[in-house]
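No sequence on hand, only this structure:
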């Protein structure tokens, strides 16, 4: 059985975009399976007393992040546009991602949402944008409604509890066994560890 | 003339230790000169409303950082011991570093201080520890007193003003031309840019 790497991402997170666009290919090169784990950072940030993204709360850190993202996207050949507002509300996208996971199509759906948001600067709380991403991922129309069921809402809440239990405080994060890695900068280290197990 | 990379570090900063121990050798490989720029993060953190290190204020982030440092130091063959208290008070060390810079011995002095602090867990506000670092760096005893002059105190204050002007919000940071890079993870990117200019 292939070893696994858990990939915890938040749709509003710029650096999650970087990892989402490369993790599947990178994991395959290492013979690893990716477990896609959507979650919301809002409750975790709120518990730390943050009312918005730290990139908005701390302006010099925010200015730096946008420039850092520009440079990294340029070097990786990824399009990059800043969505307005930032951070985007990723609640509906995260619920849809859980449905897509049930249907074994989470990876293409997640990439479609991040590409809309940070590649084209689109609003990912807009149902029309999400419907386009759903279609891009080859998912069936009629399954979209499942994202609004109590079961899916509860499943996303449970994701948040699992994230806290795993010690997560930001995104993207990677979990391999008991080891936590934070940030796209640590993806290669996490992959190397997973492949060595 | 060799191109330059400015290395902004804070003695209390764990990730500054990582960069301090490798930047000179890495810069030499790229044909670059390092400008060693000590500064204090305290005033910058205080302006953001932080009363201590974010690694103390946000416990899950702190737990992660210590494990991350353990892993990184192990992979680089660097000793690592957590100093108590954390963060250490790096004021005296930073003033001494400015004197060492005047005497063209800042690199070995900075490495000696970081090795004492994070390699052996020593208290770098202790004058005896600092005197040993001073000696390790081959600096003359009589020059130590210069760290307590008004001129040196003012020079460190000016470093803080320059850091804010450069947009710094954490350490280590690297400045190449107008480009700012934050974190030991960005050192290679900063070196590559500097070498390309």
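Alright, I've got the coordinates. Please read these numbers as outputs of a predicted model, since none were measured by experiment.

List the contacts of residue A:159.
Residue A:159 sits next to A:37, A:38, A:39, A:40, A:94, A:98 when contact means Cβ atoms under 8 Å, 6 or more residues apart in numbering or on different chains. C-beta: built from backbone N, CA, C; applies to glycine.

contacts with chain B among these, please.
Among these, none lies close to chain B by the criterion of Cβ under 8 Å from any Cβ of the partner chain.

just for chain A, where's the confidence low?
A:1-2 (pLDDT under 70).

for it, what spans make up the strands?
When secondary structure is read from DSSP state E, chain A shows strands at A:3-9, A:32-38, A:173-176, A:179-182.

Next to chain B, which bits of chain A? Give me the list.
A:48, A:58, A:60-61, A:63-64, A:67-68, A:71, A:167-170, A:179-183, A:185-186, A:189.

Filter the residues you listed down to just the buried residues.
Among the residues of chain A next to chain B, those buried by neighbour count (16 or more other Cβ atoms under 10 Å in any protein chain shown) are A:58, A:60-61, A:64, A:68, A:71, A:167-170, A:179-183, A:185-186, A:189.

what does stretch A:138-148 contact?
So stretch A:138-148 is contacted by A:92, A:95-96, A:98-100, A:102-103, A:105, A:108-109, A:130-131, A:134-135, A:152 (Cβ under 8 Å, 6+ apart).

among those residues, which are in helices?
A:92, A:95-96, A:98-100, A:102, A:108-109, A:130-131, A:134-135, A:152 (DSSP state H).

which among these gets closest to chain B?
Taking Cβ to the nearest Cβ as the measure, chain B lies nearest residue A:98 of these, at 23.6 Å.

For the closest one, list the residues it contacts.
Contact partners of residue A:98, counting by Cβ under 8 Å, 6+ apart, are A:38, A:147, A:152, A:155, A:156, A:159.

How about residue A:40?
Neighbours of residue A:40 in contact, by Cβ under 8 Å, 6+ apart: A:10, A:90, A:91, A:94, A:156, A:159, A:160.

cutoff 10 Å now
Neighbouring residues of residue A:40 by Cβ atoms under 10 Å, 6 or more residues apart in numbering or on different chains: A:10-12, A:89-91, A:94-95, A:156-157, A:159-160, A:163, A:171.

now do residue A:195
Contact partners of residue A:195, counting by Cβ under 10 Å, 6+ apart, are A:2, A:3, A:5, A:27, A:29, A:30, A:31, A:32, A:176.

ok, now with 6 Å
Neighbour list for residue A:195: residue A:30 [criterion: Cβ atoms under 6 Å, 6 or more residues apart in numbering or on different chains].

cool, and residue A:179?
Under the criterion of Cβ under 6 Å, 6+ apart, residue A:179 has no neighbours.

Repeat the analysis, applying 7 Å as the threshold.
Residue A:179 makes contacts with residue A:193, as judged by Cβ atoms under 7 Å, 6 or more residues apart in numbering or on different chains.

Also the one 10 residues further on?
Contacts for residue A:189 were tallied using Cβ under 7 Å, 6+ apart; they are residue A:181.

among the strands of chain A, which is the most enclosed?
Scoring these by mean neighbour count under mean count of other Cβ atoms under 10 Å in any protein chain shown gives strand A:173-176 as the most buried, with a mean of 24.

neighbouring strands for it, and are they parallel or not?
Strand pairing for strand A:173-176, using DSSP bridges, gives strand A:3-9 (antiparallel), strand A:179-182 (antiparallel).

those helices in chain A, which residues are they?
A:14-20, A:23-29, A:42-47, A:54-57, A:59-76, A:91-102, A:106-114, A:127-136, A:150-165, A:187-196.

helices or strands up against the shortest one?
Helices and strands touching helix A:54-57, as assessed by 3 or more Cβ pairs under 7 Å, 6 or more residues apart in numbering or on different chains; DSSP states H and E, comprise helix A:59-76.

do the first one as well
Helix A:14-20 sits against strand A:3-9, helix A:59-76, helix A:106-114, with contacts defined as 3+ Cβ pairs under 7 Å, 6+ apart.

how far does the last one sit from the chain's center?
Centroid displacement of helix A:106-114 relative to its chain, using Cα atoms, centre = their mean, to the nearest Å, is 9 Å.

cool, the second one as well?
With Cα atoms, centre = their mean as the basis, helix A:59-76 stands 18 Å off its chain's centre.

Between helix B:187-196 and that helix, find me the angle.
Interaxial angle, helix A:59-76 versus helix B:187-196 (axes from the mean of the first three to the mean of the last three Cα atoms, to 10 degrees): 70 degrees.

can you check the last one too?
When the same axes, to 10 degrees is applied, the directions of helix A:106-114 and helix B:187-196 differ by 50 degrees.

Flag every buried residue along helix A:106-114.
A:106, A:107, A:109, A:110, A:111, A:112, A:113, A:114.

Now tabulate those residues in a markdown table and tack on distance to residue A:85.
Shown next, in a markdown table, are those (distance: Cβ to Cβ, whole Å):
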| residue | distance to residue A:85 |
| --- | --- |
| A:106 | 26 |
| A:107 | 27 |
| A:109 | 22 |
| A:110 | 21 |
| A:111 | 22 |
| A:112 | 21 |
| A:113 | 16 |
| A:114 | 17 |
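
and the two most separated of the residues you listed?
A:106 and A:114 (12.2 Å; Cβ to Cβ).

Same list (the helices and strands packed on helix A:14-20) but as CSV, adding distance to residue A:52.
As requested, these are exported to CSV (distance: least, Cβ to Cβ, whole Å):
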stretch, distance to residue A:52
strand A:3-9, 19
helix A:59-76, 10
helix A:106-114, 20
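
I'd like to know which of these is closest to residue B:19.
helix A:59-76 (16.6 Å).

Report all helices and strands that the closest one contacts.
Applying 3+ Cβ pairs under 7 Å, 6+ apart, we find helix A:59-76 packed against helix A:14-20, helix A:54-57.

Identify all contacting residues around that helix.
Counting by Cβ under 7 Å, 6+ apart, helix A:59-76 makes contact with A:14, A:18, A:54, A:55, A:56, A:80, A:82, B:167, B:169, B:180, B:182, all of which sit outside it.

I'd like the helices and strands packed on helix A:59-76 as a markdown table, with distance to residue B:119 and mean neighbour count appended.
What follows is these, written out as a markdown table (distance: least, Cβ to Cβ, whole Å; neighbours: other Cβ atoms under 10 Å in any protein chain shown):
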| stretch | distance to residue B:119 | mean neighbour count |
| --- | --- | --- |
| helix A:14-20 | 31 | 24 |
| helix A:54-57 | 31 | 16 |
